[in-house]
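Undergrad: mind folding the following:
(one chain, ligands or ions: 1)
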Amino acid sequence: MKDFKYLRRQMVETQLMPRGIRDERVLKAMETVERHLFVKEDLWGNAYDDCALPIGEGQTISQPYMVAAMTELLELKGDEKILEIGTGSGYQAAVLSLLAKDVFTIERIASLAFKAEEKFKSLGYNNIRVKTGDGTLGLPEEAPFDGIIVTAASPKIPDTYIKQLKINGRLVMLMGSRYSQTLYKIKRTQAGISISESTPCVFVPLIGQEGWDEERVDS
Ligand code: SAM
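TA: Numbers count the residues shown, from 1 in each chain. Predicted structure coming up:
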């Protein structure tokens, strides 16, 4: 059996810190959450590698560095209400759950949402609530949020997200063309929004009413 605790420390020291992740709380959460438990057992040996991994249904668990970078951009202090779009394996939500008060997460693929919910129950992540549906519409019944994090790539900023953010709330998302995107932090201000650009990346598409069209996503 691999020493997963050691591998997590190595991941933090070799993948996250050298690339500029500085928030001590984020580094601690990345060292704490057991990423291997969010992938199939035959992938446990690669769970702390510097890459995304398959989770079934053509979807992926994101690269650890992207999880840390996106989380850091949310500027969490501990008392926030956060919305994640794209539950996937549940790993990103588990990281958020250690850093914020309440985490809501939406997944469009019911089987992934179900598995993630079971995982949260079995691992004791009690401040995460999972919904199945089109996350491009946000979660109006729970808005406003201190932060919204979109872990699939979008062609544009859905207006619904801005409307569901508090003033000074942060929207962290990946935007660009189908196979090449950039990570952005968008802050809702009194006057409108301010946008700052972060790292280039490639993510699976955000499919839905305000995202990519399912029929045309690969054309
Ligand atoms: N955060 C995930 C994790 O930690 O494993 C990784 C997410 S994976 C890169 C992107 C996920 O977004 C996929 O599971 C995909 O099904 C989901 N997704 C795509 N479009 C969506 C939508 N409109 N609403 C909700 N989930 C969506």
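Undergrad: helix or strand for Q92, which one?
TA: helix 91-97 (DSSP states H and E).
Undergrad: then L171?
TA: strand 165-177.
Undergrad: and the following helix or strand past that strand, what does it pack onto?
TA: Once strand 165-177 ends, the next helix or strand along the chain (criterion: DSSP H and E) is strand 180-188. When contacts are defined as 3 or more CB pairs under 8 Å, 6 or more residues apart in numbering; DSSP states H and E, strand 180-188 packs onto helix 64-73, strand 165-177, strand 193-201. Backbone N, C-alpha and C define where each C-beta goes, glycine included.
Undergrad: repeat the analysis, applying 6 Å as the threshold.
TA: Contacts defined by 3 or more CB pairs under 6 Å, 6 or more residues apart in numbering; DSSP states H and E place strand 180-188 against strand 165-177, strand 193-201.
Undergrad: mind checking how far the nearest residue to L76 once chain neighbours are set aside is from Y125?
TA: What sits nearest to L76 in space, not counting adjacent residues and going by CB to CB, 6 or more residues apart in numbering, is L99, at 4.3 Å. Between L99 and Y125 the computed distance is 12 Å (CB to CB, to the nearest Å).
Undergrad: longest helix in this protein, please.
TA: For the chain, the longest helix by residue count, based on DSSP state H, is helix 110-123.
Undergrad: that helix vs the ligand: in contact?
TA: Yes. Contact of helix 110-123 with the ligand (CB under 6 Å from any ligand atom) involves L112.
Undergrad: alpha carbons of that helix, as PDB, please.
TA: This file holds the C-alpha atoms of helix 110-123, laid out as PDB (Å, rounded to 0.1, in the frame of the first residue of the first chain):
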ATOM      1  CA  ALA A 110     -27.000  12.000 -12.400                       C
ATOM      2  CA  SER A 111     -24.700   8.900 -11.900                       C
ATOM      3  CA  LEU A 112     -21.700  11.200 -11.000                       C
ATOM      4  CA  ALA A 113     -23.900  13.300  -8.700                       C
ATOM      5  CA  PHE A 114     -25.100  10.200  -6.900                       C
ATOM      6  CA  LYS A 115     -21.600   8.800  -6.400                       C
ATOM      7  CA  ALA A 116     -20.300  12.000  -5.100                       C
ATOM      8  CA  GLU A 117     -23.100  12.400  -2.700                       C
ATOM      9  CA  GLU A 118     -22.500   8.900  -1.300                       C
ATOM     10  CA  LYS A 119     -18.800   9.700  -1.000                       C
ATOM     11  CA  PHE A 120     -19.400  12.900   1.000                       C
ATOM     12  CA  LYS A 121     -21.700  10.900   3.300                       C
ATOM     13  CA  SER A 122     -19.200   8.100   3.800                       C
ATOM     14  CA  LEU A 123     -16.200  10.500   4.400                       C
END
